[in-house]
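In: Predicted model and sequence follow; I will ask about them next.
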Amino acid sequence: MNNRESIREKSIVIIGFMGVGKTTVGELVAKKLYRDFIDIDRVIENSFNIPIVDVFKLIGEKSFRQKEKEIIKEYCAQKLKVISLGGGAYLQEDIRKVTLENCIVIFLDITWESWKERLNIIIDSRPVLHGKTMEEIEELFYKRQGIYKSHHSKLETDNLNTIDIADFIVESLKIAYEMYDPN
């Protein structure tokens, strides 16, 4: 951690592929740690006043990514937040840099086999997947896995429910707080 502030005050950023459970887990972690929860996609939807799917259709991915970067930089400068990033946000080097320097970045990892089982529930709300073949989606999955390797902590989520994942994160953070910032 590069910043001198207390590790206990650093915001927590949750990254991972779309549909892995970042929002659900983030909300649980925030509640358990008495922090504000920020879902970046929801903030973007509110700023454009339309759903993400429509932002991509009407305004375009480039404008979406620019707004995403501005919002993430703003929230990563704040303390005591739990921030869920959209699955593609971490593709931007500026976002990786600001999150890693200012926050605790937790990667929720999932195998391709487990993730495929979720596809039918999430595909309609994920514009990046629209019109793609299963092979193209798998290629996207593995390409993004490489980007997510820059993090502070990783949790394998296969066969875990969101409550167990959140509990594990909170307990791990408490141990880290005691190790690195015992005051």
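Out: Yes, it's here.
In: Just the CA atoms of whichever strand or helix holds Val25, as PDB, please.
Out: Using DSSP states H and E, the element containing Val25 is helix 22-33. Extracted in PDB, the C-alpha atoms of helix 22-33 (Å, rounded to 0.1, in the frame of the first residue of the first chain):
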ATOM      1  CA  LYS A  22     -19.400  -8.100  -7.100                       C
ATOM      2  CA  THR A  23     -22.500  -6.100  -6.300                       C
ATOM      3  CA  THR A  24     -24.100  -8.600  -4.000                       C
ATOM      4  CA  VAL A  25     -20.800  -9.300  -2.200                       C
ATOM      5  CA  GLY A  26     -19.900  -5.700  -2.000                       C
ATOM      6  CA  GLU A  27     -23.300  -4.800  -0.400                       C
ATOM      7  CA  LEU A  28     -22.800  -7.500   2.200                       C
ATOM      8  CA  VAL A  29     -19.200  -6.400   3.000                       C
ATOM      9  CA  ALA A  30     -20.200  -2.800   3.300                       C
ATOM     10  CA  LYS A  31     -23.000  -3.700   5.700                       C
ATOM     11  CA  LYS A  32     -20.700  -5.800   7.800                       C
ATOM     12  CA  LEU A  33     -18.000  -3.100   8.000                       C
END
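In: Can you mark which positions in it are buried?
Out: By neighbour count, with 16 or more other C-beta atoms under 10 Å as the criterion, the buried positions of helix 22-33 are 22-23, 25-30, 32-33. Glycine gets a C-beta too; all of them are placed from N, C-alpha and C.
In: Could you do stretch 161-175 as well?
Out: Residues 162, 165-166, 169-170, 173 are the ones in stretch 161-175 that count as buried (16+ other C-beta under 10 Å).
In: so what's Thr24 up against?
Out: Thr162 (C-beta atoms under 8 Å, 6 or more residues apart in numbering).
In: Distance-wise, check it relative to Arg96.
Out: Summarising the geometry, the distance separating Thr24 from Arg96, computed by C-beta to C-beta, to the nearest Å, is 23 Å.
In: Lovely, talk soon.
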